[in-house]
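J.: Build me a model from this:
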Amino acid sequence: MAQDLPVLLLREREFFLADMDERYGPSSIIESWGTLSSILQAAVDDERIPRNPCLAKTVRPPSKPERKARAWGRERVMAVREELDDRFKVMVDLGVGAGLRQGEVLGLSIDDIDSDVIHVRRQVRIVRNRLVFSLPKGGKTRTVPLPKYLAQRIAEHADRFPPVEATLPWVNPAEPENEKQAAERAPQTHRLLVTGERQQGALRRGVFNEGPWKRALVAAGVIPAPPQRTRTADEKARRARGNTKYAAAPEDGFHALRHTFASVQLDARESVVAVSKWLGHADPSITLKIYAHMMPEADGRGRAAMDAWFAGES
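T.: The predicted structure follows:
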C-alpha cells in the first residue's frame, strides 16, 4: 500500500488542492501543503515511498499573495503614541518622522543627531540571543532630514530620560579566535536615546513588542484585549511579569510607522529617489515596488508640461 501512495496522491492532488481552495485562503493552503510535503519527504528518506508527489512541478499550491505595505492614519499613530509609556513615545516620533527601522531607533545615539539631520549609523540586533550593534540593514549608513517638531520631541525626551551608555559587541557576540576577529568584534559604547524601563542599556525589541507596544495597541483599539479567564496563582504571577499573551499583529508592528513616513513623503510628491535614500533602500526600484500603490494618481501636470514644451517650440 505504501508503494501505491505516490500514485494515489498524484491522481488525487488536483482534487485535494481544488477542495482546499474552496475552503481556505492561500496562506492556509500553502502551510498545509508544506506540512504534507514534509511528512511525505520523511517517508522518502525512510524508503517507505520512492518519491514525494508534493514536489512534482505539474500541480503546485497557490503562490502566497503579495502583502502591500499599509500605512497608518494620523489618528491611529497619535492614539498608539498616547497609550505608550512616556519613555517610549519618542520611538513613534522617530518611526513616523524619520522612517527609521525599529532596530535603528534602538541603536540611535544622542550623538547621531545634528541640528537638521539624523545620522543613521547602526542598529541593535539579536545574534545568538545576545544584543549586538551592527550597521543598518544593507550595510550602509545614511542621513535623514530632521523636521523641527521631531527635533523638539527628541530634545524633550532626552531632558526627561537622559541617554544611557550601552556597550555591545560589534556584529558577532562570539569570543574572537584571533586578533583580526578581536578587532572586528570589538565592543562599542554609545549613548542611546531609547533604553529599557530599568535603564540597564539597550532595549530588546521582543520585550518592547510583546509588552509596551502590544499594550498600547490594545488600549488604542488596534487589536483586541487578551481573553479574560480564571487564572491560577502562578499564571497571575507570570502575567505580572509581562507574559500576557496578546493577539498577533503582523500588519500593526512598529514597521507600520515607517510605511506611514513613506506614504506622507510620496503623497507630498517628494522624489522617489530621495525617499529611497532616506529609507535606506539599496535602489529606488525597491521603494517603487513596496510603495507604488501609495503614490498619488496623475493629475494632469504631465499634459500641462508637454503643452508648455510644444508651445515653446513654436
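J.: Do a quick rundown of the helices in the chain.
T.: Applying DSSP state H to the chain gives helices spanning 5-23, 26-45, 74-83, 89-98, 102-106, 148-160, 179-184, 205-208, 214-219, 233-240, 255-267, 272-279, 284-291, 301-313.
J.: Kindly present these as CSV, with separate columns for mean neighbour count, distance to Val171 and mean pLDDT.
T.: To be clear about C-beta, it is placed using only N, CA and C from the backbone, and glycine gets the same treatment. Putting the helices of the chain into CSV (neighbours: other Cβ atoms under 10 Å; distance: least, Cβ to Cβ, whole Å; pLDDT from 0 to 100) gives the following:
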stretch, mean neighbour count, distance to Val171, mean pLDDT
helix 5-23, 13, 43, 59
helix 26-45, 14, 32, 77
helix 74-83, 16, 32, 96
helix 89-98, 24, 23, 96
helix 102-106, 24, 13, 97
helix 148-160, 14, 27, 96
helix 179-184, 11, 7, 93
helix 205-208, 16, 17, 93
helix 214-219, 20, 29, 96
helix 233-240, 10, 34, 57
helix 255-267, 21, 22, 93
helix 272-279, 18, 22, 95
helix 284-291, 16, 23, 91
helix 301-313, 9, 46, 73
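J.: JSON lines please, covering those helices and showing distance to Val120.
T.: Converted to JSON lines, the helices of the chain look like this (distance: least, Cβ to Cβ, whole Å):
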{"stretch": "helix 5-23", "distance to Val120": "44"}
{"stretch": "helix 26-45", "distance to Val120": "33"}
{"stretch": "helix 74-83", "distance to Val120": "21"}
{"stretch": "helix 89-98", "distance to Val120": "8"}
{"stretch": "helix 102-106", "distance to Val120": "5"}
{"stretch": "helix 148-160", "distance to Val120": "14"}
{"stretch": "helix 179-184", "distance to Val120": "21"}
{"stretch": "helix 205-208", "distance to Val120": "16"}
{"stretch": "helix 214-219", "distance to Val120": "24"}
{"stretch": "helix 233-240", "distance to Val120": "36"}
{"stretch": "helix 255-267", "distance to Val120": "12"}
{"stretch": "helix 272-279", "distance to Val120": "9"}
{"stretch": "helix 284-291", "distance to Val120": "16"}
{"stretch": "helix 301-313", "distance to Val120": "32"}
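J.: Mind checking the ones you listed for the one nearest to Asn52?
T.: helix 26-45 (4.5 Å; Cβ to Cβ).
J.: With just CA atoms, put that closest one into PDB.
T.: Extracted C-alpha coordinates of helix 26-45, given in PDB (Å, rounded to 0.1, in the frame of the first residue of the first chain):
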ATOM      1  CA  PRO A  26      -3.700  30.800   0.000                       C
ATOM      2  CA  SER A  27      -1.700  31.100   3.200                       C
ATOM      3  CA  SER A  28      -3.600  28.200   4.900                       C
ATOM      4  CA  ILE A  29      -3.200  26.000   1.700                       C
ATOM      5  CA  ILE A  30       0.500  26.700   1.500                       C
ATOM      6  CA  GLU A  31       1.000  25.800   5.100                       C
ATOM      7  CA  SER A  32      -1.000  22.600   4.900                       C
ATOM      8  CA  TRP A  33       0.800  21.600   1.600                       C
ATOM      9  CA  GLY A  34       4.100  22.300   3.200                       C
ATOM     10  CA  THR A  35       3.300  20.100   6.200                       C
ATOM     11  CA  LEU A  36       2.100  17.300   4.000                       C
ATOM     12  CA  SER A  37       5.200  17.600   1.900                       C
ATOM     13  CA  SER A  38       7.400  17.300   5.000                       C
ATOM     14  CA  ILE A  39       5.600  14.100   6.100                       C
ATOM     15  CA  LEU A  40       6.000  12.600   2.600                       C
ATOM     16  CA  GLN A  41       9.600  13.600   2.400                       C
ATOM     17  CA  ALA A  42      10.300  11.800   5.700                       C
ATOM     18  CA  ALA A  43       8.700   8.700   4.200                       C
ATOM     19  CA  VAL A  44      11.000   9.100   1.100                       C
ATOM     20  CA  ASP A  45      14.000   9.400   3.400                       C
END
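J.: now that helix, how far from the centre of its chain.
T.: 27 Å (Cα atoms, centre = their mean, to the nearest Å).
J.: next one: stretch 90-104
T.: For stretch 90-104 - counting by Cα atoms, centre = their mean - the centre lies 11 Å from the chain centre.
J.: How far does it stretch from one end to the other?
T.: Terminal residues of stretch 90-104 lie 13 Å apart, using Cα to Cα, to the nearest Å.
J.: list the contacts for the most centrally placed residue in the chain?
T.: In the chain, the centroid-proximal residue (Cα atoms, centre = their mean) is His255; its distance is 4.3 Å. Going by Cβ atoms under 8 Å, 6 or more residues apart in numbering, His255 touches 101-102.
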